[in-house]
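# A structural model of the following input is requested.
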Amino acid sequence: MNIPINYNKIRNINATYQPSTVKYFRTKVFEFWQRALFQRACSTIILNLPEEWSGSVTDFLYYCLMRFGYVAVFDNPEMGLVFNPASLTGINFWYQPTRAIISNPAMKKSLELEIGKDCELLKLTPDYFGIFDIINLHAEKLALLDCALNMSIINNKFAFLISAKNKASAQTLKKIFDAVNQGNPAVFFDSKLADDPATKSEPWQFLERQNLKQSYLTDQQLQDMQTIINSFDAEIGIKTIPYQKAERMVTSEADSKVIDSTARISVWKDCLDRSMEIINKKYDLNLSCTLRYNPEERSEENDSDDFNNMGL
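Have a look, this model is predicted:
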């Protein structure tokens, strides 16, 4: 995912990005969430492919469809029936591309194929784009929130801030806290240590961190992180129930969440089905796809049982 770039390009990128202090792309945490969400998206669609396209070839097809939105399927004299990413060019009456250019390091020369004659396109989306915009959008938010979560975990470790006027007072306080942390129910110390011998004032000062409960704490950040993941799931076809509605969601709200989570993936499946039908007819194949989480395969009785099991 990282493109090697020199210092001048890095400087230009950083200088033209606002705010320049916020870096969420090309960070380890962003790449973690990008990879996690990509694999999560791949789980929603099951591709039924020829045996020649099994194993790592299937993995490559998933990446191409999610990343680019389409691949060109063509018959190669050396390798047989294959697919590959392609650059599209040309335009017909319906503003659709007419040619696919294939450039592969394993091939002796690039190919320019006519769509509909020399090749066909296997498409995930109608607009010839992948879904990495959805993945990157949510990975960005999760990466930013992940950093805030790490900071929250560190800052929410409650500690006492106490200043001592002299070394004897500091050592006394250390021993007192050692005894408290050992689990002693009561700790006793000489009352003379409660007054400074010179000024007769308290020998230490206690700085209290107030309103700790009103801070934006870790549990709220974890809930927000789950909300972002739920938002991503709704985009890619995984049904979710918001944590804040789990105990009082009515049937209409549950149905709305199902419709929300299947809207875009229904478009993707229809696009795959139409392109697979054309490819199957041209190359005598039996390509097909199914949704892993298909609401049409569930009866109303099963849905009711599931909601009851969730406490709805």
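
# Where does pLDDT dip in the stretch 1-150 of the chain?
1-5, 10-26 (pLDDT under 70).

# can you give me the helices in it?
Secondary structure of the stretch 1-150 of the chain (DSSP state H, counting those that start in this stretch): helices at 7-16, 28-42, 56-68, 132-155.

# I'd say Thr240 and Asp233 touch.
Yes - the criterion here is CB atoms under 8 Å, and Thr240 meets it with Asp233 at 4.8 Å. (Glycine included, C-beta is placed from N, CA and C.)

# Need the residues touching each of these two.
Jointly contacting Thr240 and Asp233 under the rule CB atoms under 8 Å, 6 or more residues apart in numbering are Ser261.

# on that earlier part again, Val180 is nearest to which of the helices of the stretch 1-150 of the chain?
For the helices of the stretch 1-150 of the chain, the distance to Val180 is smallest for helix 132-155, at 22.4 Å, taking CB to CB.

# Now do the closest one and helix 28-42, the angle between them.
130 degrees (axes from the mean of the first three to the mean of the last three CA atoms, to 10 degrees).

# Just put the helices of the stretch 1-150 of the chain in a markdown table and tack on mean neighbour count and distance to Gly90.
Shown next, in a markdown table, are those (neighbours: other CB atoms under 10 Å; distance: least, CB to CB, whole Å):
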| stretch | mean neighbour count | distance to Gly90 |
| --- | --- | --- |
| helix 7-16 | 10 | 32 |
| helix 28-42 | 17 | 30 |
| helix 56-68 | 16 | 18 |
| helix 132-155 | 17 | 25 |
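
# So for Tyr95, which of the ones you listed sits nearest?
With CB to CB as the criterion, Tyr95 lies closest to helix 56-68 of the helices of the stretch 1-150 of the chain, at 19.1 Å.

# what about the closest one, distance to the chain center?
18 Å (CA atoms, centre = their mean, to the nearest Å).

# packing partners for that helix?
For helix 56-68, the packing partners by 3 or more CB pairs under 8 Å, 6 or more residues apart in numbering; DSSP states H and E come out as helix 28-42, strand 45-48, strand 70-76, helix 132-155.

# Can I get those in JSON lines including distance to Ser110?
Formatted as JSON lines, the helices and strands packed on helix 56-68 follow (distance: least, CB to CB, whole Å):
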{"stretch": "helix 28-42", "distance to Ser110": "28"}
{"stretch": "strand 45-48", "distance to Ser110": "27"}
{"stretch": "strand 70-76", "distance to Ser110": "12"}
{"stretch": "helix 132-155", "distance to Ser110": "25"}
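
# for the ones you listed, which one sits closest to Thr227?
Of all the helices and strands packed on helix 56-68, helix 132-155 comes closest under CB to CB, at 9.7 Å.

# Alpha carbons of that closest one, as PDB, please.
Provided in PDB are the C-alpha atoms of helix 132-155 (Å, rounded to 0.1, in the frame of the first residue of the first chain):
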ATOM      1  CA  PHE A 132     -12.100   1.500  -0.900                       C
ATOM      2  CA  ASP A 133     -13.600   5.000  -0.400                       C
ATOM      3  CA  ILE A 134     -15.900   3.400   2.100                       C
ATOM      4  CA  ILE A 135     -13.100   1.500   3.700                       C
ATOM      5  CA  ASN A 136     -10.700   4.500   3.900                       C
ATOM      6  CA  LEU A 137     -13.400   6.800   5.200                       C
ATOM      7  CA  HIS A 138     -14.100   4.600   8.200                       C
ATOM      8  CA  ALA A 139     -10.500   3.500   8.600                       C
ATOM      9  CA  GLU A 140      -9.500   7.200   9.000                       C
ATOM     10  CA  LYS A 141     -12.100   7.800  11.700                       C
ATOM     11  CA  LEU A 142     -11.100   4.500  13.500                       C
ATOM     12  CA  ALA A 143      -7.400   5.400  13.300                       C
ATOM     13  CA  LEU A 144      -8.000   8.900  14.800                       C
ATOM     14  CA  LEU A 145     -10.200   7.400  17.500                       C
ATOM     15  CA  ASP A 146      -7.700   4.700  18.200                       C
ATOM     16  CA  CYS A 147      -5.000   7.300  19.000                       C
ATOM     17  CA  ALA A 148      -7.500   9.100  21.300                       C
ATOM     18  CA  LEU A 149      -8.300   5.800  23.000                       C
ATOM     19  CA  ASN A 150      -4.600   5.100  23.700                       C
ATOM     20  CA  MET A 151      -4.300   8.500  25.200                       C
ATOM     21  CA  SER A 152      -7.400   8.000  27.300                       C
ATOM     22  CA  ILE A 153      -6.200   4.700  28.700                       C
ATOM     23  CA  ILE A 154      -3.000   6.400  29.800                       C
ATOM     24  CA  ASN A 155      -4.600   9.600  31.200                       C
END
